[in-house]
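Colleague: pasted the sequence and its predicted model underneath.
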Amino acid sequence: MKKLLDTSFGRYLLNSGKLVSLSKLPDPVEISRVRLFAMLAGITLLCGAGILLFHHFHAEQGRDAIFYLFLTEKWHQGRLADVFEARPDYWFPPLYFYLSQLLMNFGLSPESAGLIVSMCCGTALPPVVFGLSREVTRRTDISLGAAFLTAINPVLLEMACKVQREMLYLFLAAVATLFLAASLRRKKWFLFSLSGIFTALAFLTRYEMMEFIPVVFLYAFLALLFKHDRWYKVLRNAALFFAFFSITVSLLSLTLMGSSTWVWRTVFDRYFSSGKYPNLEIIRQQEPSPGPAPKPGGKK
Amino acid sequence: MIMNVVLITFFRKLPAVISLPVAIWGILGLLLALVLFWKKTDKFTYWFFFLALSFMLSWRLAMRIMSSRYGLFLVIPCTIGASYLCFHLRRFFELIPFCPEAFLKRIPLICMGIFLAINISRLAVQNTREAFLTVGQAVAKDITFLKENGGVTKPVGFCTEFTRFGQMRYYGKIPIARHPLFLRDMPPDARRDGILRLIKGHCHHGRVPRNDTLYFLVEEPSDTPVITASDLGVPEECWGLISSEYRNDRKKAVFRAYRYMPPNVVNKIRSGGK
């Protein structure tokens, strides 16, 4: 480095001050609110158009998507026991299937319903990434760039035209991260609560969202260590996050999967029992209509 | 071993879900931000984001990301990092003497344009459902012909790969049972033995065969030769190729539907179902 600076080019860099400015971002580009809104709307429309275009070229659904269609259809028919029987070793997060079967009430096929959920989440993702980037970088131009890159990402576009849980999960996770990032800077308790709610929604879509739990513990530890806020406020914020997370998961699980206790017994039996799966005949007997006629004397 | 896991994760699994240019640009941008913001931002913010991202990456590395979708959340920080680098790149180009100001102002736009051009190239390959539909229709037509000519009295059996049977059943509209038949990765001799075992089990098992007819729906590399009756050692009239269709525009894989009928069923069809 010293040899480079001894050269004429090195002296030019030192004298012009360009080496010093290497570590600074260029000045932000000033964008009016109207123009910002128009650009953001344009990026969102571009994303939507890209998703539709990708669907035209990549309309085939994969093996997992076909399985999800089966689950959605069975749930729509009210045959939740069949859904459990399809994968007795795995309790799947229900939110995506619930939303898809809800849309089937409008006369849509399972594939159309699933696609609408994925496509809507994919289209709504760029504005969320814009907001998140703005909270982290505090630069509008970089955030617009991030939103644009999200809108043209081929992997995301392809995933948005599949009947998969990924886009719903990514959208909810991005919103949860946005609220968490906003709460770190603005220190508002309701932002932590909202982050907890959306973390719960994302957890009900994919289990990976559990990684936010250690991240919140990390927030509490670092906030206390560096005295980011008063200790009781830090603990209050973390407690609010976990409280709203737990309440949302509990309430929604009861709502989505039904208030029947057999659902919870099934779920907990699988994970905490001696390893034997509950007899699904008993589940079918307790299932509300429509369902098969109850058989006498089910055995465990 | 750890290095292998890191390399495979970074250069195969993560780019599969993030897209390679954004993954590389994003990681470079994040590393640059980590170095440059070392003392410019408050400690809490810096260490929180650094440790949170490190944790998210490390548990995925520890699990060796079995499926690329586990790395999906990382697309957000990588995208923000890539955008950050696009804007910061101007400072590096400013080191070049007499670099035009008009070019410097448009560097982020040029970078975005390059990303857009790379991404559009993914549209070049069409991956539609046509292969499943075509093969499914050919099989359905063949089944109808056999039933009308009295050849089929027992349920028709289907054998397909485990990864494809769902799509064949959904798009091809044919009732395929769950009989995994892994033909693709098997050497030719093992594949032949696998088919013969299924034929024997379903069409010639003991006194009462389970099926009159067996259809094999398989995905093979395009350069794989068609399986013939002589490969299997069965009579020529008992084995045949019903349909063959390319998987997508790349034409590297092909769907094939084969049919096997026992000799007595063939004779029955020849005699008009009597």
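Modeller: Nice, thanks for sending it over.
Colleague: now do the contacts for the residue of the stretch 101-250 of chain B found nearest chain A.
Modeller: Closest approach of the stretch 101-250 of chain B to chain A (C-beta to the nearest C-beta) occurs at B:G166, with a separation of 3.6 Å. C-beta here means a position set from N, CA and C on the backbone, and glycine is covered the same way. Taking C-beta atoms under 8 Å, 6 or more residues apart in numbering or on different chains as the criterion, B:G166 is in contact with A:63, A:66-67.
Colleague: residues near B:K147, how many?
Modeller: Other residues near B:K147 number 15, with proximity taken as other C-beta atoms under 10 Å in any protein chain shown.
Colleague: so it, which state does it fall into?
Modeller: With DSSP: H, G, I helix; E, B strand; the rest coil as the basis, B:K147 sits in helix.
Colleague: B:C99 too?
Modeller: Once three-state DSSP is applied, B:C99 turns out coil.
Colleague: how about it: what's its closest non-neighbour residue?
Modeller: Of all residues beyond its chain neighbours, the one nearest B:C99 is B:F93 (5.5 Å), with distances taken as C-beta to C-beta, 6 or more residues apart in numbering or on different chains.
Colleague: just checking, the one you found touches B:K105?
Modeller: No. Under the contact definition of C-beta atoms under 8 Å, B:F93 does not touch B:K105, with a separation of 10.6 Å.
Colleague: pipe the contacts of B:G166 into TSV and attach neighbour count per row.
Modeller: Converted to TSV, the contacts of B:G166 look like this (neighbours: other C-beta atoms under 10 Å in any protein chain shown):
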residue	neighbour count
A:R63	15
A:I66	20
A:F67	17
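Colleague: now the strands for chain B?
Modeller: According to DSSP state E, chain B carries its strands in the segments B:157-160, B:214-221, B:239-246, B:253-260.
Colleague: now the ones you listed as JSON lines including distance to chain A?
Modeller: Conversion of those to JSON lines gives the following (distance: least, C-beta to the nearest C-beta, whole Å):
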{"stretch": "strand B:157-160", "distance to chain A": "11"}
{"stretch": "strand B:214-221", "distance to chain A": "12"}
{"stretch": "strand B:239-246", "distance to chain A": "13"}
{"stretch": "strand B:253-260", "distance to chain A": "12"}
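Colleague: what's around B:S54, how many residues?
Modeller: If we define neighbours as other C-beta under 10 Å, then B:S54 has 11 of them.
Colleague: and the one 4 residues further on, by the same measure?
Modeller: Other residues near B:S58 number 10, with proximity taken as other C-beta under 10 Å.
Colleague: quick one: it from A:A38, how far?
Modeller: In this structure, B:S58 lies at 41 Å from A:A38, with C-beta to C-beta, to the nearest Å as the measure.
Colleague: ok, now A:A220?
Modeller: In this structure, A:A220 and A:A38 are separated by 40 Å, where distance is defined by C-beta to C-beta.
Colleague: what does B:F132 give?
Modeller: From B:F132 to A:A38 the distance is 43 Å (C-beta to C-beta).
Colleague: ok, the two, which is more surrounded?
Modeller: Between B:F132 and A:A38, counted using other C-beta under 10 Å, the more crowded position is B:F132 (23 against 12).
Colleague: residues in contact with the more buried one?
Modeller: Going by C-beta under 8 Å, 6+ apart, the list of residues near B:F132 reads A:60, B:167-168, B:170-172, B:255.
Colleague: hmm, 10 Å instead?
Modeller: The neighbours of B:F132, taking C-beta atoms under 10 Å, 6 or more residues apart in numbering or on different chains as the test, are A:60, B:164, B:167-174, B:217, B:245, B:247, B:255.
Colleague: which of those lies closest to A:V175?
Modeller: Taking C-beta to C-beta as the measure, A:V175 sits nearest to A:E60 out of these, at 29.6 Å.
Colleague: below-threshold pLDDT in the chain: ranges please.
Modeller: Answering for chain A, as no chain was given. Applying pLDDT under 70 to chain A flags residues A:1-6, A:9-23, A:79-91, A:257-300.
Colleague: that's the other chain; I wanted chain B
Modeller: Across chain B, the stretches falling below the confidence threshold (pLDDT under 70) are B:1-17, B:39-40, B:64-68, B:122-128, B:150-163, B:174-191, B:202-211, B:272-274.
Colleague: can you give me the helices in it?
Modeller: Assigned by DSSP state H, the helices in chain B fall at B:2-8, B:14-18, B:20-36, B:43-62, B:75-93, B:101-105, B:107-120, B:130-148, B:165-171, B:188-203, B:229-232, B:263-270.
Colleague: quick one: closest of those to A:F130.
Modeller: Of all the helices of chain B, the one in closest proximity to A:F130, counting by C-beta to C-beta, is helix B:75-93 (10.0 Å).
Colleague: ok and that closest one relative to helix B:20-36, angle-wise?
Modeller: 70 degrees (axes from the mean of the first three to the mean of the last three C-alpha atoms, to 10 degrees).
Colleague: and helix B:75-93, which residues are buried?
Modeller: Of the residues in helix B:75-93, those buried by neighbour count under the rule 16 or more other C-beta atoms under 10 Å in any protein chain shown are B:75-91.
Colleague: restricting to the residues you listed, which residues neighbour chain A?
Modeller: Intersecting the buried residues of helix B:75-93 with the surroundings of chain A, defined as C-beta under 10 Å from any C-beta of the partner chain, gives B:75-91.
Colleague: against A:T140, how distant is B:P21?
Modeller: As judged by C-beta to C-beta, B:P21 and A:T140 stand 24 Å apart.
Colleague: do B:D223 as well
Modeller: In this structure, B:D223 and A:T140 are separated by 53 Å, where distance is defined by C-beta to C-beta.
Colleague: more neighbours, these two?
Modeller: A count of neighbours by other C-beta under 10 Å puts A:T140 above the other of B:D223 and A:T140, at 19 against 7.
Colleague: just checking, that one touches A:V29?
Modeller: Yes. When contacts are counted by C-beta atoms under 10 Å, A:T140 is listed as touching A:V29 (7.5 Å).
Colleague: quick one on the thing from earlier: put the buried members of the contacts of B:F132 into a PyMOL selection.
Modeller: Restricted to buried positions by 16+ other C-beta under 10 Å, the PyMOL selection for the contacts of B:F132 reads:
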select buried, (chain A and resi 60) or (chain B and resi 164+167+168+169+170+171+172+174+217+245+247+255)
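Colleague: adding distance to B:A140, write the contacts of B:F132 out as CSV.
Modeller: Supplementary listing: those in CSV, determined by distance: C-beta to C-beta, whole Å:
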residue, distance to B:A140
A:E60, 19
B:R164, 17
B:Q167, 15
B:M168, 11
B:R169, 12
B:Y170, 14
B:Y171, 12
B:G172, 8
B:K173, 7
B:I174, 6
B:L217, 12
B:E245, 14
B:R247, 20
B:F255, 15
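Colleague: what's the closest of the contacts of B:F132 to B:R197?
Modeller: Closest to B:R197 out of those is B:L217 (17.1 Å), distances taken as C-beta to C-beta.
Colleague: where's A:N237, which helix or strand?
Modeller: When secondary structure is defined using DSSP states H and E, the element that contains A:N237 is helix A:231-257.
Colleague: centre of the chain to that helix, how far?
Modeller: For helix A:231-257, the distance between its averaged C-alpha position and the chain's averaged C-alpha position is 16 Å (C-alpha atoms, centre = their mean, to the nearest Å).
Colleague: cool, stretch B:129-146 as well?
Modeller: Per C-alpha atoms, centre = their mean, the centroid offset for stretch B:129-146 relative to its chain is 22 Å.
Colleague: nice, that's everything, thank you.
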